[in-house]
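# Whatever this is, show me its structure:
(2 chains)
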Amino acid sequence: MPNLTLVLFLSTLLFSSSFAFQSDELLLDDEEFGLEGGSHPRSPEPVITDSPPKQTPSIRRRYSDPDLDSKIQFTLEHAFGDSDFSSAGTFSARLKTWSHGGQTLTKLRFSRNEFSDEEKDAFQNLLKGDDFYRIRLPSNVVTPPGREYVIASVRARCLPRDGLDEHIVIHMDGANILAVSYGSPGACPYPRQLKLPGKWTFNSHTILKSSEQAPRTPIFTEEILGSSENMEGEAEAPVERSFWAKYWMYLIPLGLIVMNAVTQASNMAEEQPAGSQGQAPAAIQRGSAPRRR
Amino acid sequence: MAIRVSLLLLVFLSSAVVSFSLYEDQVGLMDWHQRYIGKVKHAVFHTQKTGRKRVIVSTEENVVASLDLRHGEMFWRHVLGTNDAIDGVDIALGKYVITLSSQGSMLRAWNLPDGQMVWETSLHSAQSSKSLLSVPINLKVDKDYPILAFGGGYLHAVSAVDGEVLWKKDFTAEGFEVQRVLQPPESSIIYVLGFLHSSEAVVYQIDSKTGEVVAQKSMVFPGGFSGAISSVSSDKVVVLDSTRSILVTIGFLDGDINFQKTPISDLVKNSGNAEILSPLLSNMLAVKVNKRTIFVRVGGEGKLEVVDSLSDETAMSDSLPVADDQVAFASAHHEGSKIHLMVKLVDDLDTVLLRESIEMDQHRGRVHKVFINNYIKTDRSNGFRALIVMEDHSLLLLQQGAIVWSREEGLASVTDVTTAELPVEKDGVSVAKVEHTLVDWLKGHMLKLKGSLLLASLEDVAAIQEMRMKSSGRSKLTRDHNGFRKLFIALTRAGKLFALHTGDGRIVWSMLLNSPTKSEACERPSGINLYQWQVPHHHAMDENPSVLVVGRCGSDSSAPGVLSFVDVYTGKEISSSDIGHSVVRVMPLPFTDSTEQRLHLIADTEGHVHLYPKTSEALSIFQREFQNVYWYTVEGDDGIIRGHGMKSSCAGETADEYCFTTKELWTVVFPSESEKIISTLTRKPNEVVHTQAKVSTDQDLLYKYVSRNLLFVATVSPKGAGEIGSVTPEESALVVYLIDTITGRILHRLSHQGCQGPVHAVFSENWVVYHYFNLRAHKYEVTVVEIYDQSRAENKNVWKLVLGKHNLTAPISSYSRPEMFTKSQSYFFAQSVKTIAVTSTAKGITSKQLLIGTIGDQILALDKRFVDPRRTLNPSQAEKEEGIIPLTDSLPIIPQSYITHSLKVEGLRGIVTAPAKLESTTHVFAYGVDLFYTRLAPSKTYDSLTDDFSYALLLITIVALVAAIYITWVISEKKELSEKWR
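Below you'll find the model as predicted:
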């Protein structure tokens, strides 16, 4: 029986939602980032924005921990429509190296740069033209840009709400970024209405997702089969259903007949008050009785 | 225990499965099966003895078959595996067919009359090389004359009697390539001529009994050899040097080697590169130079002289000994609508033994191969018959100036299939008489009545069966009410279109994409794909539908494409155009213009897309939807999937206003060290989904996530991309993805550790079913993934629906954040799979069946209910009522549910399904070397009566009932009257 529950557990795992991600979701918090950053205090956001756009994301690794955890940074770059990519923010995370050689990213932090004035103009143009706002990430965070950049894009009109809401899902495989999903956290139905953002600040949600393991196919060994068979044997003993549930199909016609008979009998009683023996069968026979005479 | 389990399983299966099987007498009523062999490579005639004359052929589809020379029927046929290409075929000892296959590593003998395998010998092979089969011609059963087979660096001598390897000679060390083997009769010495590193000719003399090298001579040729070798006589071969401009005659008489060089420019003026053609002609050789074929006679001292020249399009046969020590050969060439076949003596080209011209169908193309055979005519002179292989791969036998028989072997290599409707029955057009007369009709129904009342005699049963087989309108060329009659348009590798009728499988029309009469820039386009171009609904009576055939002028993907529009009713090419750009992807758009031509986008290698048809109307329709057109490309080698959107017209670069530039919107980059794309799949664009919602057992509602823009991708570890079992479970993992092709979002990602491809998948509605190998369990597995939409999950309240407060009619956008969840479940499946398809019906109401093409070349119909992720071990009563089957670890294979019943679709490659008009029914067409068609009703024909329904019985029953009512009424009246008189 424990085996059975195990199998059931496995099968419920199958049905469980695919959103079982290994993630660390956090809104941007500069101060916390500063704390996480350790000894190197990072320059405030506007500085990065003002700095000339970097074409390759920078990586700084600091071996703060004796185990193989290392801090890692990679840049989010954006492009307005068909423009070139420029730096838009920085991800920092902890790269954990497991004993079996695998690497995973944990504690992802994201600091988004403010839009500069030119970028605001460019974004407004995008909004007018219902064009694409594109972002890209390196496909490998250890040796950026890896093989190729991972690009995602969204219609610019999907982003503005109160501020600019963005939702970034990064699909990881070890230290590789497979794909990034980018968009607004809510719905963005077509036709998209032109709406300028109230505030030019980004409200970012980031999620890291790694691959989900497929549950193993349930293997029914002899024992499990035996127990399940027993179970079925029990199940085959009919569950005691209520009387009504079992025989309703007979009871309803019977009830109708009885009712019919009763009404007929009562009618007859009115007609022949003297004939006190007016039973239903007799009443039915009455019709044919005169014919015989 | 096992018995009880299997008994339980049996009971459960018999209760759960609607029987799909058919009765014996229903075979052939709805289905047809056609057997083919493919394009013939070699042919060996067997006509010596009295009795049945036959020809043994081996084909490019790896088939070895024996055909009846009189009628062209197959005596027997064997389809070898896809990797088991036949290199040589011959007849040994007059009773065995010997085949050498798999690059000279498999030698098999088949019994000539019945095709039974006599013996099979696996030959040792160390490297890949060309292979050579040499079978002694004499009929003596003797170990002195072994079969010699060269392949993989080894020369093997194999006894023809039992396949025993007598000896083998290892040439792998030297890198020696055997070119010719000569076994002089009445001699125990075998001469083996070969090249060492393409520059040194070596002749070995080998004792045929022991395999020992008696003598060895070699000679270096400084120029080096290249290309084919032509053996002109028993001791001379001719070969080209590496510059392809000098013919080298190599004599190896008695083991001595001598070279004789003749520049081709001495033979022909202004010669370019030459090519030696394959035919074996004695003392003569055929060289293709300057687009002409020249015949060069090889004199006694190796002197070469040109004796004749023919146009390029001439096919030639090997030489054939005829009476009086003379040798003849046949040549065939096309001229207009005729084929000219000539048989000449090799020694004297002016002596034409036979000159025939045969009227030939334009749509067969040029002659590719000729094989000749001679026979003695009634007047004791020599007669010739020729087996010719045409450009469309068809096989014909010519004799006495006529086509004796022909086989449409092009259909063995179908590459793409689409369906088309038949013309609507018009009033004016008289349709072939269906029910001949009333008497016949009555007779037929009386027979059926007899049959259903079990009164029929054996002859009657046969008559009923025959009547059913050619029943009424099965093969009419008009549309029927139920949509059972349709055309399957099949494109073959040879570039020929065939229209096959679903009723009886006959070829309604066929069309070669390039007829030889046309002079085009593109000589020989190869067809890639077929698309529905125009399907008229509004003007179905007076407009014909058409299909678009996209072809390519060369083999590489950057070659310019060719479009051809073909009328489906007549099989005539409406127009064809050279489009001047390459074809990477063809995307049918969901828009049609006013003439109901579908808009297509064709992407080229430069990242531009081109709109077809090139009309201003199409352009205006397209520009309206310009913003909403997206497409994606899969770069399988790099492991990158890119999404693209439209950018602008490429007017800046070209004046073509139908050309558009695109921009990259998203990329998915699979890490090259851990993932390699092995399979991608999308939903069929024309699939109909009946309902979005699925009611589950607890009165809960699940909304299917139905999107046309989903891409299923399967990747494996690069190590695991090889054959099954080549890696350990730890090294291999299979990852599957569902990707939205508009935004590049990964909606679902699941990794199967210890699993390996090949992955065969099918995608329909909101589910994917895929098949792969589990290395840990050593079994094949099938996994189902179903995706459900959660953003609509709140629309359960009836009041919300009544008051219109629901978002069911709101447009879905890929840019909205997807709220969906998936359910999946894996099952073991006992068979390896070649292809999977799913049934499709007109409205999508009927439940679906998976059609699994198994390794045994059969098609198994498996209810989708078996691959439901909601199956549990002990389904509750409510779940049982809904039809959920208790969970088992493996999927059942029920022998009755093979829709191919006892037949095999040899070399199965694909299954195509198409809906009939009747909701319950779907057409299934499977192609491989064979073709198979049947009609399926996954939930039985709930909306129509079966063909064999006896209307007469119904009528008689009604009449009898009416009569009985009348009689009883009369009797009761009488009785009442008599009672009243009492």
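# Quick check: nearest residue in space to B:Ser648, chain neighbours excluded?
B:Thr661 (5.6 Å; Cβ to Cβ, 6 or more residues apart in numbering or on different chains). No exception for glycine: its C-beta is placed from N, CA and C like everyone else's.
# If you could redo that for B:Ile507, that was the one I meant.
B:Phe498 (5.5 Å).
# backbone phi and psi for that neighbour, please?
Torsion angles at B:Phe498 (phi, psi; degrees, to the nearest 10) stand at phi -120, psi 140.
# List the beta-bridge partners for the residue nearest to B:Ser648.
Counting by DSSP bridges, B:Thr661 forms beta bridges with B:His608, B:Ser648.
# Next, count neighbours for it.
Residues near B:Thr661, counting by other Cβ atoms under 10 Å in any protein chain shown, number 18.
# repeat for B:Ile677
21.
# Can I get the helix or strand containing it in CSV, CA atoms only?
Assigned by DSSP states H and E, B:Ile677 belongs to strand B:676-682. Extracted in CSV, the C-alpha atoms of strand B:676-682 (Å, rounded to 0.1, in the frame of the first residue of the first chain):
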residue,chain,number,x,y,z
LYS,B,676,20.5,19.5,-30.1
ILE,B,677,17.2,20.0,-31.9
ILE,B,678,15.9,16.7,-33.3
SER,B,679,12.2,17.4,-33.9
THR,B,680,9.9,20.4,-34.4
LEU,B,681,6.2,20.3,-35.0
THR,B,682,3.3,22.6,-35.2
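# could you say what helices and strands whichever helix or strand comes after that strand packs with?
Using DSSP H and E, the helix or strand that follows strand B:676-682 in sequence is strand B:693-695. Where contact means 3 or more Cβ pairs under 8 Å, 6 or more residues apart in numbering or on different chains; DSSP states H and E, strand B:693-695 is packed against strand B:701-704.
# Shouldn't B:Leu411 be within a strand?
No. Going by DSSP: H, G, I helix; E, B strand; the rest coil, the assignment for B:Leu411 is helix, not a strand.
# Now do the SS call for the closest residue in space to it that isn't next to it in sequence.
Nearest residue to B:Leu411 in three dimensions, chain neighbours excluded: B:Tyr36, at 5.5 Å (Cβ to Cβ, 6+ apart). Per three-state DSSP, the local secondary structure of B:Tyr36 is coil.
# I'd assumed B:Ala412 was in contact with B:Tyr36.
Yes. Taking Cβ atoms under 8 Å as the definition, B:Tyr36 is a contact partner of B:Ala412 at 3.7 Å.
# The residue nearest to B:Leu411: neighbouring residues, count only.
Applying other Cβ under 10 Å, I find that B:Tyr36 has 28 neighbouring residues.
# Can you read off the pLDDT for it?
The confidence metric pLDDT takes the value 93 at B:Tyr36.
# In contact with it: list those residues for me.
Contacts for B:Tyr36 (Cβ atoms under 8 Å, 6 or more residues apart in numbering or on different chains) come out as B:61, B:407-409, B:411-412, B:929-931.
# distance of it from chain A?
Going from B:Tyr36 to chain A by Cβ to the nearest Cβ, to the nearest Å gives 39 Å.
# helix or strand right after the helix or strand bottoming out on mean pLDDT in chain A?
In chain A, the helix or strand scored least confidently by mean pLDDT, DSSP states H and E is helix A:45-50, which has a mean of 30. Counting by DSSP H and E, the next helix or strand C-terminal to helix A:45-50 is strand A:70-80.
# Report the angle between the helix or strand just after that next one and strand A:70-80.
Per DSSP H and E, the first helix or strand lying C-terminal to strand A:70-80 is strand A:86-97. Relative orientation of strand A:86-97 versus strand A:70-80 (axes from the mean of the first three to the mean of the last three Cα atoms, to 10 degrees): 150 degrees.
# what is the mean pLDDT for strand A:86-97?
86.
# ok, and for the helix or strand immediately after it in the chain, which residues are buried?
On the C-terminal side of strand A:86-97, the closest following helix or strand by DSSP H and E is strand A:103-112. Within strand A:103-112, the residues that qualify as buried are A:103-105, A:108-112, counting by 16 or more other Cβ atoms under 10 Å in any protein chain shown.
# ok, now stretch B:764-782?
B:764-775, B:777, B:779-782.
# next one: stretch B:308-317
Residues of stretch B:308-317 classed as buried: B:309-310, B:313-317 (neighbour count, 16+ other Cβ under 10 Å).
# With stretch B:531-542 instead?
B:531-536.
# Narrow those to those in strands?
B:531-534 (DSSP state E).
# Would you agree B:Met446 falls within a strand?
No. Counting by three-state DSSP, B:Met446 falls outside a strand, being helix.
# Which parts of the chain are helices?
By default, I'm working from chain A. If DSSP state H is used as the criterion, the helices of chain A fall at A:2-15, A:30-37, A:45-50, A:117-129, A:222-236, A:243-271, A:280-286, A:289-292.
# Wait, chain B was what I had in mind.
B:2-16, B:264-267, B:438-452, B:458-469, B:616-624, B:798-803, B:877-882, B:951-981.
# want to try CSV for those helices, with mean neighbour count and distance to B:Gly636 as columns?
CSV is the format used below for these (neighbours: other Cβ atoms under 10 Å in any protein chain shown; distance: least, Cβ to Cβ, whole Å):
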stretch, mean neighbour count, distance to B:Gly636
helix B:2-16, 12, 40
helix B:264-267, 17, 43
helix B:438-452, 15, 56
helix B:458-469, 14, 47
helix B:616-624, 15, 29
helix B:798-803, 10, 46
helix B:877-882, 13, 41
helix B:951-981, 11, 57
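# mind checking which of the ones you listed is nearest chain A?
For the helices of chain B, proximity to chain A was assessed by Cβ to the nearest Cβ; helix B:2-16 is nearest, at 5.7 Å.
# Show the average pLDDT along that closest one.
45.
# Likewise for stretch B:335-348?
81.
# now stretch B:248-260
74.
# The residue nearest to B:Leu411 and B:Glu356, how far apart?
Applying Cβ to Cβ, to the nearest Å, one obtains 27 Å for the distance of B:Tyr36 from B:Glu356.
# next one: B:His538
52 Å.
# burial count for residue 178?
Reading this off chain A. 26.
# Correction: the question concerned chain B.
26.
# So for B:Leu112, what's the nearest residue that isn't a sequence neighbour?
B:Lys95 (5.1 Å).
# hang on, the earlier thing: contact partners for the residue nearest to B:Ile507?
Here B:Phe498 is in contact with B:408, B:410-411, B:489-490, B:492, B:507, B:509-510 (Cβ under 8 Å, 6+ apart).
# and the stretch 751-900 of chain B, which of its residues are near chain A?
B:751-753, B:774, B:777, B:781, B:783, B:791, B:810-813, B:815-817, B:821-828, B:869-870, B:872-874, B:877, B:887-889 (Cβ under 8 Å from any Cβ of the partner chain).
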